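pasted the sequence and its predicted model underneath.
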Amino acid sequence: MVTKGTLTEGESLLANPDPSYILSVAESYPCSSTNSQDGHTIGVCIIDVSTSKFIIGQFQDDPERHVLCSILSEIRPVEIIKPAKMLSAETERALKNNTRDPLINGLLPSTEFWDAEKTIHAIEQYYSSSDNLTASRNTVGVQNNVGCLPDLLSELIEAGDRVYALSALGGSLFYLKQVLLDDKLLPCAEFEPLTCSGLINNMRKHMILDAAALENLEILENATGGLSGTLYEQLNHCVTGFGKRMLKRWIVRPLYDCKAIQQRQGAIAIFKGVGHECAMQFRKDLCRLPDMERLLAHLFSRCGENGRSKSVVLYEDTAKRLLKQFTAALRGCQQMFQACSSIRVLTGTEGSSLLNDLLSPGKGLPDVSSILDYFRDAFDWSEADHNGRIIPLEGCDPEYDATSCAIEEIESSLQEYLKEQRKLLKDSSVKYVNVGKDTYLIEVSESLRGSVPNDYELQSTKKGVCRYWTPEVKQLISELSKVATDKESILKGILQKLIHLFIEHHSKWRQLVSVAAEIDVLVSLSIAGDYFEGPTCCPTIRELCGPDDTPTFHARNLGHPIIRSDSLGKGSFVPNNINMGGPGNASFIVLTGPNMGGKSTLLRQVCLTIILAQIGADVPAENLELSLVDRIFVRMGARDHIMAGKSTFLVELMETASVLSSATKNSLVALDELGRGTSTSDGQAIAASVLDYLVQRVQCLGLFSTHYHKLAVEHEDDKVSLCHMACQVGTGEGGLEEVTFLYRLTAGSCPKSYGVNVARLAGIPASVLQRANEKSIDFEASYGKRCCATKDKAICTQEDNFTTIKDLFRVVKAGNHQGDQATSLSRIREVQMRARAQAMEA
């Protein structure tokens, strides 16, 4: 049985470089009697069958399963393996709402979805054979009665507390065994730790992008599941499938290390400058390459069943197909090595520390020249492709060389014997002929028939000639036949033998692919900057020096990372200066402006720019200086989760709760129209409380777009900058306002949102527009009187705001943890009432 997740070869893999992941999930058994907020322990095993890659990890997750949702949004698994009826309702809901109709495989707990103990026993059996090729890489030096295990598996076992990660691995191993892939994948499998567990474990190697950020910013895919308008599409100029996959990994895990970022910046600058010609030649050399990572993984699977496939006799068609894959792999490895080696001329260039590490033997680029020389000397690759079989050259295979020598000796003996018979019969015309299956028949003229010795055995006659065998000839033919049979047997097994010799160096071939992929991505990022509209720059990134140091983001003439220079007319996108944090600048921007004025675009623009900066790429700006951002929080749009029983407002509050519980001083928060899912008074009170909490308590960078204009007026202090997207307002037909959007970030608050103008653009009838305009004027007049009457009163104290937001956070988390949506909504309503009362007191 073959599924989308278990496909190892075929046209679909050639056409689409995206991995088709299988996800196995295990978790600590849910206990309904507890209301603990500590969350559950979840273990996952992610498998890419096409590359024999296993990603294994375990993490603590909150009741909303934010970590799991982030993993699902990143990998979009096509198959899910889980223990039947053993996952919590929250985990099941996350799997359902954050995937795209994957194939679900429910396994029986323990017997099929193995626990940690059974999994350990199984992997020890898999790796107990001394023939196992994984022992050549990722192995520990400790030997026991079960042989060597890959490093990651040894660490999981020795840790003692990774039982759910091991159980998830056990479920995937059982499934792979059912589809006959376990023995093919495991011997040369590549095991990696799950970096996404850093969401909870506070690892600081990468910036964190959760599910909300990945989806709202359209990092990998747009709202319809396509690529148009995504950051990945903008940056993807890779020429190899394995480079494209690495680029995706870089984008979803930007760096959180200034030194590593600067090293990438240096390499990209070299490829844009003095190394441009080398970069273009590198792309030219690899552009026709097959997907080497998948091709090599398919060949590595030939060592399956602990090497027993060495003795397998292949059918002719299968052998020819395998031979073509083998020679393609050899040529591909040779091209990659030559292309990467050609970049070495740049290693002495200033800023080339990353290239030095990538291309230095022992550090990055493996020295495979001697291995490739061996295979070049072993057989003629072109002739093998043409003939459909390998004829080894001298020195390649001692057994083959020995049989070839034996055949030459026997044939030489036959020729010597023929000379003797010519002398004996005194006729130089005596010769050997082959008739059908009879070979080396001594052909004598019929006139000499009476002169032949008695030991001549007549085999056949023809007009004018007689054909004989002698005991000596028959002995030599027998020896020749035996040796020829041995030679043919060796030829049939030579392909398997050479492939296994090739596979013994699988760690070096994988490392070669990794180096080529990284150079491909660096070159791709160097090219991507040429497609930005307007000027580009290499951003200056710094780390915060201490508790009193403030995060900063300063951009001059910042463009949009998704806008290509060829997608609009030149100069169509309006760049902006954006300053947050640092001396003389507020850390938070409250952004108002007309509908369709560009507020949401500005928020995405800043978020995407920071991601670009921290993957090491150039950004579309004249200048950019920023401090490292550890996580980007994005709350955009209005949507509900009907199937999960969540209203638009509850979804909004739950996403906000995640921001408030996890944001740090180094985070960036982008909130777009928070509070729109409820009434104006409730929404404004909640928005004010959230804003105060982030500004006063968290003290991170942030952008807060809103149509609550009163909210903007109330936050005029040195920690909040009031800005709006500028526009020009004129009078149009019927006295209606006509708004011209300027898309320029301007200091100060916008007095209104000009919603009637958007209604006009949408084609609302003129009579309705006129009536809406009159009502708008009436409402504004009434609102203005209330503001004048209460302008000296505070809406609520900061402590009131903090209490409100704490209650909202507690209610959303507790209500969702208990699974009682009705109770949760009722308690939220109570908090709303108090927030509304505070607002009315003003």
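Nice, I can see it.

which residues of the stretch 51-200 of the chain fall in strands?
Assignment of strands within the stretch 51-200 of the chain using DSSP state E, counting those that start in this stretch yields the ranges 53-61, 79-83, 103-107, 190-193.

need the ones you listed in JSON lines (columns: distance to residue 724, mean pLDDT and mean neighbour count).
C-beta: built from backbone N, CA, C; applies to glycine. Listed next are the strands of the stretch 51-200 of the chain as JSON lines, based on distance: least, Cβ to Cβ, whole Å; pLDDT from 0 to 100; neighbours: other Cβ atoms under 10 Å:
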{"stretch": "strand 53-61", "distance to residue 724": "39", "mean pLDDT": "93", "mean neighbour count": "22"}
{"stretch": "strand 79-83", "distance to residue 724": "46", "mean pLDDT": "97", "mean neighbour count": "23"}
{"stretch": "strand 103-107", "distance to residue 724": "49", "mean pLDDT": "95", "mean neighbour count": "17"}
{"stretch": "strand 190-193", "distance to residue 724": "46", "mean pLDDT": "92", "mean neighbour count": "18"}
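
can you list those strands in CSV and add distance to residue 768?
What follows is the strands of the stretch 51-200 of the chain, written out as CSV (distance: least, Cβ to Cβ, whole Å):
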stretch, distance to residue 768
strand 53-61, 49
strand 79-83, 49
strand 103-107, 49
strand 190-193, 59
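
low-confidence ranges, the stretch 501-650 of the chain, go.
For the stretch 501-650 of the chain, the stretches with pLDDT under 70 are 565-571, 637-646.

all strands of it, in order?
Using DSSP E, counting those that start in this stretch, the strands of the stretch 501-650 of the chain run over 540-542, 553-558, 576-580, 588-592, 623-627, 631-635.

buried ones in the third one?
Neighbour counts over strand 576-580 (16 or more other Cβ atoms under 10 Å) mark 576, 578, 579, 580 as buried.

where in the stretch 251-400 of the chain is pLDDT low?
Residues of the stretch 251-400 of the chain that meet the cut-off, pLDDT under 70, sit at 303-316.

my guess is residue 527 meets residue 236, correct?
No - contact criterion Cβ atoms under 8 Å: residue 527 and residue 236 do not qualify, at 9.9 Å.

quick one: residues contacting residue 269.
The contact partners of residue 269, by Cβ atoms under 8 Å, 6 or more residues apart in numbering, come to 351, 526, 538.

so the first one versus residue 475, what's the distance?
Right, residue 351. Distance, residue 351 to residue 475, by Cβ to Cβ, to the nearest Å: 75 Å.

which of these two has more neighbours?
More crowded of residue 351 and residue 475, by other Cβ atoms under 10 Å: residue 351, with 16 against 12.

tell me the most buried of the strands of the stretch 501-650 of the chain?
Most buried of the strands of the stretch 501-650 of the chain, by mean neighbour count (mean count of other Cβ atoms under 10 Å): strand 588-592, with a mean of 25.

got the angle between that one and strand 576-580?
Going by axes from the mean of the first three to the mean of the last three Cα atoms, to 10 degrees, strand 588-592 is angled at 140 degrees with respect to strand 576-580.

output the contacting helices and strands for strand 588-592.
Secondary-structure packing of strand 588-592 (3 or more Cβ pairs under 8 Å, 6 or more residues apart in numbering; DSSP states H and E): strand 576-580, helix 599-614, strand 701-705, helix 709-714, strand 720-731.

ok, residues contacting that strand?
Outside strand 588-592, the residues touching it (Cβ under 8 Å, 6+ apart) are 578, 580, 599, 602-603, 691, 694-695, 701-707, 709, 711-712, 715, 719-725, 745, 749-750, 753.

one more time with 7 Å, if that's ok
With Cβ atoms under 7 Å, 6 or more residues apart in numbering as the test, strand 588-592 has contacts from 580, 599, 602, 694-695, 702-706, 709, 712, 715, 719-724, 749-750.

and the longest helix for the protein?
Counting by DSSP state H, the longest helix found in the chain is helix 471-503.

specify the local secondary structure of the residue nearest the centre of the chain.
Centroid-nearest residue in the chain, with Cα atoms, centre = their mean: residue 249, separated by 4.0 Å. Following DSSP: H, G, I helix; E, B strand; the rest coil, residue 249 is assigned to helix.

what about it, distance to residue 170?
Look at residue 249 and residue 170: by Cβ to Cβ, they are 26 Å apart.

looking at the strands of the stretch 51-200 of the chain, which is closest to residue 244?
strand 53-61 (15.1 Å; Cβ to Cβ).

residue 665 contacts residue 699, doesn't it?
Yes - contact criterion Cβ atoms under 7 Å: residue 665 and residue 699 qualify, at 5.4 Å.

point out where the stretch 101-250 of the chain drops to low pLDDT.
By pLDDT under 70, the low-scoring segments of the stretch 101-250 of the chain are 129-147, 196-203.

mind redoing it with 90?
Of all residues in the stretch 101-250 of the chain, those with pLDDT under 90 make up the ranges 124-152, 154-156, 158-161, 183-184, 187-188, 195-205, 212, 223-226.

do a quick rundown of the helices in it.
Secondary structure of the stretch 101-250 of the chain by DSSP state H, counting those that start in this stretch: the helices cover 116-126, 151-159, 163-178, 182-185, 198-201, 211-216, 231-235, 241-252.
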